[in-house]
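Chemist: here's my sequence, what's the structure:
(4 chains)
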Number of protein chains: 2
Amino acid sequence: MSERATTTKPSAARTSSAKVSSKREALLSTAQELFARQGYRAVGIDTLLAEAGVAKMTLYKQFGSKEELIAAVLERLAGEITSGLAARLATATGSSHGRILAVFDWLADWVRSPAFHGCLFIKAASEYPEPGERPRQAAEAFKAGCRELLEEQCRELGIADPERLARQLHLLLEGALVLSFLERDPQAATHARDAAAVLLAAA
Amino acid sequence: MSERATTTKPSAARTSSAKVSSKREALLSTAQELFARQGYRAVGIDTLLAEAGVAKMTLYKQFGSKEELIAAVLERLAGEITSGLAARLATATGSSHGRILAVFDWLADWVRSPAFHGCLFIKAASEYPEPGERPRQAAEAFKAGCRELLEEQCRELGIADPERLARQLHLLLEGALVLSFLERDPQAATHARDAAAVLLAAA
DNA sequence: AGCAAAGTAGACCGACCTGTCTGACCACAA
DNA sequence: TTGTGGTCAGACAGGTCGGTCTACTTTGCT
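Modeler: Alright, predicted model coming up:
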């Protein structure tokens, strides 16, 4: 059967870890989409497995539990967002306020993308509200990272009270995430950008 | 019709409505607390009934389904919040900006109260994301009401673009709700108030 | 070729889910 | 007293949940 292994696609998975990654990846991306559209508790394991085309044992070998899978989805997503945002910031215009406003431009793109169905981190904290639950912890870590990123940008601008401004900008950012989802208002991010510009000018 | 109007209203109406109300109330308040602390899908009907001390048939006679109960909880809560906020606004200081800032003072009290475990409306929209689902509709209606209330206040101030400012303030408000819950930061509302003052001054 | 690791399908488990139904209870009105 | 309407506890139904387990097939490396 495997005589003709030369051209078989799976051979790309050279090592076991690469092979694992393929199934792992399928689970993570399918889970992310289903959870985003329907919610965490609303999506059952069996639905997810059928959609991803993966056996149940694989899921439990890879992640151990549904909650761990959720946490893994969130951590992976946090990494993608962070690096995507960093890339955007790297090419921001020279204007001193430009880098901050670029964050809101990036936000506008995010909430307008068809894959956006609300912030997965906020939803995770809502559905797993106990401090010890892994999804909640992942959400807290990501949001803290957002605030720190904003604070760092404010600090580089030499603003008087960078922490204060960063927290204010963070409020706008989270508000835009919520209202984009709740009112399906694609303009929310634009309004947040406008407000951010005002706060920046005043600081 | 009501000849013997001394004490007896139409028999069925008086007794039943009074009794119904008591059980209805127990269900609504217990449901609100459990849903707030654990989430909607995480709380089963049986848990809720045991906690409220009510029989299952009563729930289904009163509300018809779990989703309808959730919608009823949200509508009742929306009414309480609206009237509470209106009362607060009625006693706001004379300063022209005072009424807007009073909204954020009221917000600070809300998120600091021990019963606050995140915004029930945001959570409802997260767990019931389909446009046709009643909890989501109740959430959308409430958030739209919030925006309109802010817009009305802005309009009374004679601001150039009241809708724009109202949307920006709304972003701050929702952001404060989210971050109060997610980072357990009781200062979020205060920062929102500060930012609102800046936006107001600039408008 | 042969072996170990990884993945497969699907049966199975007990717990729990929402929602229905029965028959008894109890307060009150005629 | 008798009737009536709302409430009660709890059994029940049919499904789904997260998770475990077994027995089999594929895969990659030597």
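
Chemist: count of neighbours near the residue lying closest to A:Gly39 once chain neighbours are set aside?
Modeler: For A:Gly39, ignoring the flanking residues on the chain, the nearest one in space by CB to CB, 6 or more residues apart in numbering or on different chains is B:Glu127 at 5.1 Å. For glycine as for every other residue, the C-beta is placed from the backbone atoms N, C-alpha and C. B:Glu127: 25 surrounding residues under other CB atoms under 10 Å in any protein chain shown.

Chemist: so who does B:Glu127 touch?
Modeler: Contact analysis of B:Glu127 by CB atoms under 8 Å, 6 or more residues apart in numbering or on different chains lists A:39, A:41-42, A:126-127, B:39-41, B:135.

Chemist: pLDDT and secondary structure for the residues you listed - can I get that in a markdown table?
Modeler: Below are the contacts of B:Glu127 laid out as a markdown table (pLDDT from 0 to 100; DSSP: H, G, I helix; E, B strand; the rest coil):
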| residue | pLDDT | secondary structure |
| --- | --- | --- |
| A:Gly39 | 97 | coil |
| A:Arg41 | 97 | coil |
| A:Ala42 | 97 | coil |
| A:Ser126 | 97 | helix |
| A:Glu127 | 97 | helix |
| B:Gly39 | 97 | coil |
| B:Tyr40 | 97 | coil |
| B:Arg41 | 97 | coil |
| B:Pro135 | 96 | helix |
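
Chemist: just the residues you listed that are near DNA strand C?
Modeler: Restricting the contacts of B:Glu127 to those near DNA strand C by CB under 7 Å from any atom of the strand leaves B:Arg41.

Chemist: any idea which of the contacts of B:Glu127 is closest to DNA strand C?
Modeler: Each of the contacts of B:Glu127 was scored against DNA strand C by CB to the nearest atom of the strand, and B:Arg41 proved nearest at 6.7 Å.

Chemist: any idea of the mean pLDDT in the longest helix anywhere in chain A?
Modeler: Secondary structure assigned by DSSP state H gives helix A:66-90 as the longest helix of chain A. Averaging pLDDT along helix A:66-90 gives 94.

Chemist: contacts for stretch A:73-89?
Modeler: A:28, A:31-32, A:35, A:99, A:102-103, A:105-106, A:110, A:120-121, A:124, A:135, A:138-139, A:141-142, A:145, A:149, A:153.

Chemist: now do it: distance to the chain's middle.
Modeler: Here the centre of stretch A:73-89 is set off from its chain's centre by 6 Å, with CA atoms, centre = their mean, to the nearest Å.

Chemist: do the same with stretch A:57-69
Modeler: Using CA atoms, centre = their mean, the offset of stretch A:57-69 from its chain centre is 20 Å.

Chemist: anything in it near DNA strand C?
Modeler: Yes: remark: stretch A:57-69 sits within contact range of DNA strand C at A:57-58, A:61-62, by CB under 7 Å from any atom of the strand.

Chemist: name the SS class of A:Leu177, please.
Modeler: The local conformation at A:Leu177, judged by DSSP: H, G, I helix; E, B strand; the rest coil, is helix.

Chemist: could you measure from the spatially closest residue to it that is not a sequence neighbour over to A:Ala176?
Modeler: Counting by CB to CB, 6+ apart, A:Cys119 is the residue found nearest to A:Leu177 once chain neighbours are left out, at 4.5 Å. Plainly put, A:Cys119 is 10 Å away from A:Ala176 if you go by CB to CB, to the nearest Å.

Chemist: the two: who's more crowded?
Modeler: Just comparing A:Cys119 and A:Ala176: by other CB under 10 Å the higher neighbour count belongs to A:Ala176, 30 against 25.

Chemist: mind listing what the more buried one touches?
Modeler: Per CB under 8 Å, 6+ apart, neighbours of A:Ala176: A:104, A:107, A:111, A:188-189, A:191-192, B:171, B:175.

Chemist: for A:Ala188, same thing?
Modeler: A:Ala188 makes contact with A:111, A:175-176, A:179-180, B:167, B:171, according to CB under 8 Å, 6+ apart.

Chemist: tabulate the contacts of B:Glu127 (JSON lines), appending distance to DNA strand D.
Modeler: Listed next are these as JSON lines, based on distance: CB to the nearest atom of the strand, whole Å:
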{"residue": "A:Gly39", "distance to DNA strand D": "11"}
{"residue": "A:Arg41", "distance to DNA strand D": "7"}
{"residue": "A:Ala42", "distance to DNA strand D": "8"}
{"residue": "A:Ser126", "distance to DNA strand D": "16"}
{"residue": "A:Glu127", "distance to DNA strand D": "11"}
{"residue": "B:Gly39", "distance to DNA strand D": "13"}
{"residue": "B:Tyr40", "distance to DNA strand D": "15"}
{"residue": "B:Arg41", "distance to DNA strand D": "10"}
{"residue": "B:Pro135", "distance to DNA strand D": "18"}
